[in-house]
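K.L.:
here is my input, please return the structure:
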Amino acid sequence: MKLRLGLFAIFSIILFGAGPGPVQAKPKYAPYVEYGAKVHVAGGITITKSRDGLQDCQPGQLWDMELASDIAITGKVKVKVLNGKTVSSTFATKAGAAESNNSMTAYQESNYCPPEDPVELDKPDCRSIKGTGAVGLSPDPRRKGAPRVSVSVGRTSGDTQDLKCMVLPINSTPAGSDLNPLDTPYSTMKLPLDITAKQILRLGVKKKLIRVLNVGGPCDRAVVYRGKKVPFIDDSPFALGTSIYDHDTCEVDGTINVEIKRLTRGRN
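P.N.:
I've put the predicted structure just below:
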């Protein structure tokens with residue numbers, strides 16, 4: 001009898017297996033989701049920059065500049081969401097939709113005093129340059145909190161501004177923002193949207209996500225923010241320390257409107 005039971009047990013294991021194994025947890029999100037969307041980005045930033053280099057009986061220049069970057073694009077993209085966390089997209093492009101409009105609003109020179117002859121000084125050649133604009137979605141690099149999304153705005157054609165009509169890199173918060181003034185081809189501005197990857201993933205067909213982004217503050221402590229209230233900017237000497245703008249006065253201001261509309265159900 002014991003022998004029969006033993007043989008039956010062995011036969012059952014061979015036929016049916018050793019019993020149920022561990023149950024695999026179902027993924028919370030599909031590994032990959034892609035859908036069609038329309039992205040609209042319009043607005044820009046304006047940088048006002050002043051320098052006073054006038055000297056007594058020495059060559060010097062004083063100037064006030066206004067460096068404006070504007071973009072207006074509406075186009076279709078493919079939104080891609082990886083593991084419910086990482087969002088990116090293709091780029092929507094439009095010819096002539098990105099403009100770098102830099103201008104001199106004031107200019108003065110100083111030079112050698114007689115009997116010395118004055119020397120010729122190069123006046124900055126600020127211009128208006130139009131090129132192809134490009135916009136797309138990219139991951140927000142901030143690691144704290146839920147995974148979020150940024151919008152990348154660029155100019156992919158056109159000339160380069162005169163070096164004296166450019167601005168030094170702008171230091172901005174939150175981390176990962178980049179207020180590039182689009183004064184060279186293939187330069188890119190990156191702005192955090194405070195939209196989570198989950199919101200992008202679960203956005204319904206024909207539904208929209210809209211953000212109005214404001215930019216303000218000194219060029220070495222600029223802030224990207226939402227709402228009407230400008231966040232506190234510590235301009236004390238202790239907070240500022242040594243700045244690349246110590247010899248300039250430089251301020252940045254602007255508003256950019258962003259709209260993302262889902263067009264298709266998409267695929268996994």
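K.L.:
which element, helix or strand, includes residue 98?
P.N.:
strand 92-110 (DSSP states H and E).
K.L.:
would you mark the buried spots in that strand?
P.N.:
Residues of strand 92-110 classed as buried by neighbour count (16 or more other CB atoms under 10 Å): 92-93, 97-102, 110. (C-beta placed from N, C-alpha, C; glycine too.)
K.L.:
ditto for stretch 193-203
P.N.:
193-201, 203.
K.L.:
also stretch 31-42?
P.N.:
For stretch 31-42, using 16+ other CB under 10 Å, the buried residues are 33, 35-37, 39-42.
K.L.:
stretch 152-171 now?
P.N.:
Neighbour-count burial for stretch 152-171 [16+ other CB under 10 Å]: 152-158, 161, 164-167, 170-171.
K.L.:
rewinding a little: the strand holding residue 98 - what's its average pLDDT?
P.N.:
Averaged across strand 92-110, pLDDT comes to 92.
K.L.:
confirm that residue 115 sits in a helix.
P.N.:
No. Counting by DSSP: H, G, I helix; E, B strand; the rest coil, residue 115 is located in no helix; its state is coil.
K.L.:
that one and residue 58, how far apart?
P.N.:
15 Å (CB to CB, to the nearest Å).
K.L.:
those two: who's more crowded?
P.N.:
Between residue 115 and residue 58, residue 58 has the larger neighbour count (other CB atoms under 10 Å), namely 12 against 5.
K.L.:
identify the residues contacting that one.
P.N.:
Counting by CB atoms under 8 Å, 6 or more residues apart in numbering, residue 58 touches 110-112.
K.L.:
mind redoing it with 10 Å?
P.N.:
Going by CB atoms under 10 Å, 6 or more residues apart in numbering, residue 58 touches 110-113, 119.
K.L.:
ditto for residue 116
P.N.:
When contacts are taken as CB under 10 Å, 6+ apart, residue 116 is in contact with residue 57.
K.L.:
can you pull the pLDDT of it?
P.N.:
Residue 116 is given a pLDDT of 94.
K.L.:
so how far is residue 109 from it?
P.N.:
On the measure of CB to CB, residue 116 and residue 109 end up 15 Å apart.
K.L.:
ok so, going back, next, give me the two most distant ones among the buried residues of stretch 193-203.
P.N.:
Farthest pair in the buried residues of stretch 193-203 (CB to CB) is 194 and 201. Separation: 15.8 Å.
K.L.:
okay, and the beta partners of the closest residue to residue 93 other than its chain neighbours?
P.N.:
Leaving aside its sequence neighbours, residue 93 sits nearest to residue 134 (CB to CB, 6 or more residues apart in numbering; 4.7 Å). For residue 134, the beta-bridge partners under DSSP bridges are residue 93, residue 154.
K.L.:
what is the burial count for residue 134?
P.N.:
Neighbours of residue 134 (other CB under 10 Å): 24.
K.L.:
spit out the contact partners of it.
P.N.:
41, 71, 73, 75, 90-94, 97-98, 152-157, 186, 188.
K.L.:
again, but for residue 89
P.N.:
So residue 89 contacts 34-35, 37, 39, 76-81, 135-138, 149, 151-152, 200, 260 (CB under 10 Å, 6+ apart).
K.L.:
if we use 8 Å, what do you get?
P.N.:
By CB under 8 Å, 6+ apart, the neighbours of residue 89 are 37, 39, 77-80, 136-138.
K.L.:
among those residues, name the ones in strands.
P.N.:
Counting by DSSP state E, the contacts of residue 89 place 37, 39, 77-80, 136-138 in strands.
K.L.:
wait, which of these is closest to residue 50?
P.N.:
residue 138 (33.4 Å).
K.L.:
just the helices in the chain please.
P.N.:
2-16, 197-201, 237-240 (DSSP state H).
K.L.:
so, low pLDDT: which residues of the stretch 51-200 of the chain?
P.N.:
The stretch 51-200 of the chain contains no residues with pLDDT under 70.
K.L.:
fine by me, thanks again.
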